[in-house]
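Colleague: Below are the sequence and a predicted model for it; my questions follow.
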Amino acid sequence: MEDNVVIQLKDVSVFQGHNMVINDLQLEIKKGEFVYLIGKTGSGKSSLLKTLYGELPLTKGTGTVVGYDLNALQRKDIPFLRRKLGIVFQDFQLLSDRSVNENLHFVMKATGWKDENEIQQKIADVLTKVGLANKGTKKPYELSGGEQQRVSIARALVNDPELILADEPTGNLDPETSQEIMNLLLDISKSGRSVLFATHDILLYKRFPSRTLTCEQGKITDSAYKVTV
């Protein structure tokens, strides 16, 4: 895999249980690209993302993500793969009994950070980057939905990932807040990180056009090639 390629899939089929939801996928995403993944609920978007971050095994075809061979991926490898990924979910997935700082601290310790000074500096850096420099002591329930999603993006950034996988990150947000989150993720991609953004928010998609993967009837159409791949 070339150094500037973060996702490469060849002849891949994606399964949810025994059901094949995506068939015969060829895909290459390069460093710094912002790519939409669109499709109706149940079309396979989340299953593809789960395959990319090791939640679902790749059993047909070959795939490499941020240098990791998905075919050879073992359970013990998954935490190391995820250190090179940032994952942003629709429902934020924050620990409600801990402050923003403690949420980030927990993730960092779990992914191998040891030096407390470095941890605190990194937390300050990523919260500043997402516009929450003064919110570190707040609990998630004290924040708006948009602020909670900014925390989840900060969490995704703590390990300086090469790739961010965003699964309907604006699904629970109002249109204005969705646009703010979108601008933040676009800025992140401009800094050299790749972003794969799964959504069914067509208004957002039309307002910020970019390369698009469309899931439909078990196939993915890539706007970069104008053919079904």
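Modeller: Looks like it arrived, so ask away. Numbering: from 1, shown residues only.
Colleague: Cross-check the contact I'm expecting between residue 53 and residue 165.
Modeller: Yes: in terms of CB atoms under 8 Å, residue 53 counts as a neighbour of residue 165; the distance is 6.0 Å. Yep, even glycine has a C-beta here, placed from its N, CA and C like the rest.
Colleague: Comparing these two, which residue is more hemmed in?
Modeller: residue 165 (26 against 20; other CB atoms under 10 Å).
Colleague: Now that one: phi and psi?
Modeller: Note on residue 165: its backbone torsions stand at phi -110, psi 110 [degrees, to the nearest 10].
Colleague: I'd like the average pLDDT over the host helix or strand of residue 213.
Modeller: Assessed by DSSP states H and E, residue 213 sits inside strand 211-216. Mean per-residue pLDDT for strand 211-216: 93.
Colleague: What pairs with the next helix or strand after that strand, parallel or antiparallel?
Modeller: Using DSSP H and E, the helix or strand that follows strand 211-216 in sequence is strand 219-222. Sheet pairing of strand 219-222 (DSSP bridges) gives strand 211-216 (antiparallel), strand 227-228 (antiparallel).
Colleague: Residue 39 against residue 46, yeah?
Modeller: No: look at residue 39 against residue 46 with CB under 8 Å: they stay out of range, at 9.9 Å.
Colleague: how far away is the spatially most central residue of the chain from residue 149?
Modeller: Nearest to the mean C-alpha position of the chain, counting by CA atoms, centre = their mean, stands residue 165 at 1.4 Å. Plainly put, residue 165 is 14 Å away from residue 149 if you go by CB to CB, to the nearest Å.
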